[in-house]
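*Asks:* Sequence unavailable; structure follows:
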Ligand code: GAR
């Protein structure tokens, strides 16, 4: 059995798709959900699916490697960042080389880096009058949105789309492809 630990900060729609995708799998298990805040919707999702969860303390996460004990106990094979908005500290990148994957709602290297998340991205894409946007699934290294790209796919944009419309089109791609790519990474 391969164990996934999901890190998330928000509502958790990607986490939900990943949980649903592997629900009946006898090879992949969603072992734990780790949230960056107590109010993250993803915690309700954990509860509803009887997946253990915990909430991180930012100081502790950045300044100690306590979380490694939990990840070890979970026999973690892959850490999946599904809308996790904190930077991954170096000790964690080093402990899980090529074992942390992130989804970014834009075509990296465009629209990446600090402050580029969620709606900010789609607003910037709209303002730049881009003809397309999309998703990037990549390994996580010590630099924001910089690790090796595993998969990208795009969608065409039209002039009349709002930033929210762009976000919705990109989210559709995330939901469609992220679980499938995770599956491929774990069981090539
Ligand atoms: C997703 O669109 C994800 O790509 C994005 O946050 C959203 C989380 O939605 N991540 C980033 O912007 C990371 N830089 P969700 O909680 O519904 O899955």
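*Replies:* Nice, I can see it. Only a predicted model underlies this, so the values are computations on that prediction, with no experimental measurement involved.
*Asks:* Is stretch 109-119 positioned near the ligand?
*Replies:* Yes. Stretch 109-119 lies within reach of the ligand by CB under 6 Å from any ligand atom, at 117-118. For glycine as for every other residue, the C-beta is placed from the backbone atoms N, C-alpha and C.
*Asks:* whoops, stretch 25-33 was the one
*Replies:* No. If you take CB under 6 Å from any ligand atom as the test, stretch 25-33 misses the ligand, and the best it gets is 11.4 Å.
*Asks:* go on, stretch 95-103?
*Replies:* Yes. Using CB under 6 Å from any ligand atom, we find that stretch 95-103 touches the ligand at residue 103.
*Asks:* Likewise for stretch 138-148?
*Replies:* No. Shown here: stretch 138-148 not in contact with the ligand (CB under 6 Å from any ligand atom), separated by at least 6.6 Å.
*Asks:* That stretch: how far from the chain's middle?
*Replies:* 12 Å (CA atoms, centre = their mean, to the nearest Å).
*Asks:* quick one: buried residues of it?
*Replies:* Of all the residues in stretch 138-148, those buried under the rule 16 or more other CB atoms under 10 Å are 138-141, 144-145, 147.
*Asks:* Between all of those residues, which two are separated the most?
*Replies:* 139 and 144 (13.0 Å; CB to CB).
*Asks:* Just give me the closest of the buried residues of stretch 138-148 to residue 159.
*Replies:* Distance to residue 159 across the buried residues of stretch 138-148 (CB to CB) is lowest for residue 145, with 26.9 Å.
*Asks:* Residue 88 versus that closest one, what's the distance?
*Replies:* To residue 88, residue 145 is 11 Å away according to CB to CB, to the nearest Å.
*Asks:* For the ligand, what's its nearest residue on the protein.
*Replies:* Residue of the chain nearest the ligand, by CB to the nearest ligand atom: residue 83 (2.5 Å).
*Asks:* And what about that residue, helix, strand or coil?
*Replies:* coil (DSSP: H, G, I helix; E, B strand; the rest coil).
*Asks:* Would you mind measuring from residue 51 to residue 89?
*Replies:* Residue 51 is 24 Å from residue 89, by CB to CB.
*Asks:* Can you tell me the centre-most residue of the protein?
*Replies:* Residue closest to the mean C-alpha point of the chain, counted by CA atoms, centre = their mean, is residue 82 at 2.3 Å.
*Asks:* What residues does this protein have near the ligand?
*Replies:* Residues of the chain lying close to the ligand (CB under 6 Å from any ligand atom) are 8, 10-14, 82-83, 103-105, 117-118, 171, 174.
*Asks:* from those residues, which is closest to residue 64?
*Replies:* residue 8 (21.0 Å).
*Asks:* Alright, calling it a day.
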